[in-house]
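*Asks:* Okay, sequence plus prediction incoming.
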Amino acid sequence: MITVRRSAERGHANHGWLDTYHTFSFADYYDPKQMGFGPLRVINEDRVAPGQGFPTHGHRDMEIITYVLEGQLAHKDSLGTGSVIRPGDVQRMSAGTGVRHSEFNPSPTDELRLLQIWIEPSRAGIPPSYEEKAFTDDDKRNRLRLVASPDGRDGSVTIHQDALMYASVLEPGHEVVYPVAPARRAWLQVARGAVRVNGQELEQGDGAAVKDERALAVAGKERAEIILFDLP
């Protein structure tokens, strides 16, 4: 069964410097029917104005993954990490027992667009940590590239949950097929472009909850970028 969550159905807030869409309940947006999908708790699509950003704030007991689509993200945290994240980079911050960080668009002219993803860890109270890896479009072109996993295999970032995160850049007419193991579920998020998933059409911002499907066949209708989560 595939349940589509359309882009226009998401929560939305425009703060001037931040234009944000929430796939699941977040901040002032609350829908008791949209509290996450398994351990996948947050998918926010954020557009941050030039020279603006999130001031220093804290998190605990969450795996926070940032996937930049356009622009640059300057990151600083209480672990002593300072980095600039660009398209293709995947950043993982395990908040664990507590971490504080800030995120900022350092460009004076260009908008920043990113997906911020929260995954609940398998246990609370782990030491906070940080990691980032780069994945080019060629790494993801017409294939599913593993970018996050519980064991860091194939060069992916390591998350503290039995979940897998894949990214793909699909050209029109190309297809990727992903087998869904018994007792597993999946979530597909369209970051840009348009795809057809097991016969259903999805466009930018759409998501799809997948249960009791043996496989997912994702075909590019136009050039598209997708994120696929394999979840317990």
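*Replies:* Right, received. Where do you want to start?
*Asks:* Tally up the residues packed near A27, please.
*Replies:* For A27, the count of nearby residues is 11 (other CB atoms under 10 Å). For every residue, glycine as well, the C-beta is placed using N, CA and C.
*Asks:* And P106, by the same measure?
*Replies:* 14.
*Asks:* so the closest residue to it other than its chain neighbours is in which element?
*Replies:* Closest residue in space to P106, ignoring its immediate chain neighbours: A74 at 4.5 Å, by CB to CB, 6 or more residues apart in numbering. Using DSSP states H and E, A74 falls within strand 73-77.
*Asks:* Could you pull up the mean pLDDT of that strand?
*Replies:* Summarised as a single mean, pLDDT over strand 73-77 is 90.
*Asks:* sorry, back to before: the residue nearest to P106 bridge partners, please.
*Replies:* Judged by DSSP bridges, the bridge partners of A74 are V84, F104.
*Asks:* Burial check on it, number of neighbours?
*Replies:* Neighbours of A74 under the rule other CB under 10 Å: 16.
*Asks:* thought S83 was touching H75?
*Replies:* Yes. S83 is within contact range of H75, at 5.0 Å (criterion: CB atoms under 8 Å).
*Asks:* got any residues that touch both of these two?
*Replies:* Residues touching both S83 and H75 (CB atoms under 8 Å, 6 or more residues apart in numbering) are Q91.
*Asks:* Can you point out the helix or strand that includes V218?
*Replies:* Using DSSP H and E, V218 sits in strand 215-220.
*Asks:* Kindly report the same for I227.
*Replies:* strand 224-231.
*Asks:* Run through who's touching that strand.
*Replies:* With CB under 8 Å, 6+ apart, strand 224-231 has contacts from 37-40, 67, 69, 115, 117, 140, 144, 163-170, 178, 180-181, 184-195, 216, 218.
*Asks:* try 7 Å
*Replies:* Identification of contacts with strand 224-231 by CB atoms under 7 Å, 6 or more residues apart in numbering yields 37-40, 67, 115, 144, 163-170, 178, 184-195, 218.
*Asks:* Which positions in the lowest-mean-pLDDT helix or strand in the chain come out as buried?
*Replies:* None of the helices or strands of the chain scores lower by mean pLDDT, DSSP states H and E than strand 53-59, at a mean of 87. Using 16 or more other CB atoms under 10 Å as the test for burial, strand 53-59 gives G53, F54, H59.
*Asks:* Number of residues surrounding the residue nearest to the first one when sequence neighbours are not counted?
*Replies:* Residue nearest to G53 in three dimensions, not counting chain neighbours: F104, with 3.2 Å by CB to CB, 6+ apart. Under the neighbour criterion other CB under 10 Å, F104 is assigned a count of 18.
*Asks:* I'd assumed G71 was in contact with F104.
*Replies:* No. With contact defined as CB atoms under 7 Å, F104 does not count as touching G71 (11.1 Å).
*Asks:* rewinding a little: give the other helices and strands that the strand holding V218 contacts.
*Replies:* Counting contacts by 3 or more CB pairs under 7 Å, 6 or more residues apart in numbering; DSSP states H and E, strand 215-220 is packed against strand 175-179, strand 185-192, strand 194-197.
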